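Undergrad: this one's structure only:
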Ligand SMILES: Nc1ncnc2c1ncn2[C@@H]1O[C@H](COP(=O)(O)OP(=O)(O)OP(=O)(O)O)[C@@H](O)[C@H]1O
């Protein structure tokens, strides 16, 4: 397998009015092409910072990061799609236009772009909602549209920052099954940040555990389940013991 992302002793220090804040320290991580990785860690340990560096929205201050053939921080990358906790759809545009936004910010959308966006909407069950405005959709549906928007320009890397953190547990379960299917269908490399250990284990092939700030990688757990995940998996003893193994990291750091 070849690596899409390679981070070597990556660090990030924010300079603030009240002094320096070290958000990340010596993060070394390799993510294979097509892999699904989840990152868990205590609040404030630098998870979002890591994602922003991968998206070239923040610059690291030490170490080296590579995405594809480019060094992170060198120039703006189009090769990532990002999903945030809030769908952040533009209220005055219909769903199709929202999904097409990453394309239309650069050029006029072609018929092929529109067809691609419609294919994505159909893939997440929103084909009938293309001409609706965001407020006409539920929170879960809006988040599905946000996933389509992150994928429409066919990036190599899909970044998700607590994408379902604001949704109720049942909607969250349904969307997690959907994300698993999207990942299998599209063969994207995916990085998920979540506060939910079961969500991380359910979706990922590898779970990265980070320490309290400054965030360092303290463990990497390979998830031994096959690519297709169903909700029944969550009820198995293997699933429970893997979650418990990860949770122990936080019990120690909270003591
Ligand atoms: N723009 C910024 N300027 C200064 N400090 C920042 C900035 N962004 C984040 N930080 C600090 O960096 C540290 C890591 O923040 P980050 O948001 O990456 O953590 P996180 O693990 O995603 O947190 P949470 O799980 O609570 O969302 C925190 O101490 C935060 O205060």
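TA: Happy to help now that I have it. Treat the numbers as computed from the prediction; the structure is a model and nothing was measured.
Undergrad: if you average pLDDT over stretch 13-20, what comes out?
TA: For stretch 13-20, mean pLDDT is 94.
Undergrad: and if you look at stretch 85-92?
TA: 92.
Undergrad: repeat for stretch 207-227
TA: Mean predicted confidence for stretch 207-227 is 94.
Undergrad: that one vs the ligand: in contact?
TA: Yes. Judged by C-beta under 6 Å from any ligand atom, stretch 207-227 comes into contact with the ligand at residue 213. C-beta here means a position set from N, CA and C on the backbone, and glycine is covered the same way.
Undergrad: gap between that stretch and the chain center?
TA: How far stretch 207-227 lies from its chain's middle: 14 Å, per C-alpha atoms, centre = their mean, to the nearest Å.
Undergrad: tell me the contacts of residue 50?
TA: Neighbour list for residue 50: 10, 24, 27, 39, 193, 215 [criterion: C-beta atoms under 8 Å, 6 or more residues apart in numbering].
Undergrad: A helix includes it, no?
TA: Yes. Counting by DSSP: H, G, I helix; E, B strand; the rest coil, residue 50 is part of a helix.
Undergrad: related to what we said a few turns ago, which one of the contacts of residue 50 sits in the busiest neighbourhood?
TA: residue 24 (28 neighbours; other C-beta atoms under 10 Å).
Undergrad: sorry, back to before: can you put the contacts of residue 50 in TSV and add secondary structure and distance to residue 64?
TA: Formatted as TSV, the contacts of residue 50 follow (DSSP: H, G, I helix; E, B strand; the rest coil; distance: C-beta to C-beta, whole Å):
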residue	secondary structure	distance to residue 64
10	strand	7
24	strand	13
27	strand	11
39	strand	19
193	strand	22
215	strand	17
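Undergrad: now residue 221: how far from residue 244?
TA: Per C-beta to C-beta, to the nearest Å, residue 221 is found 11 Å from residue 244.
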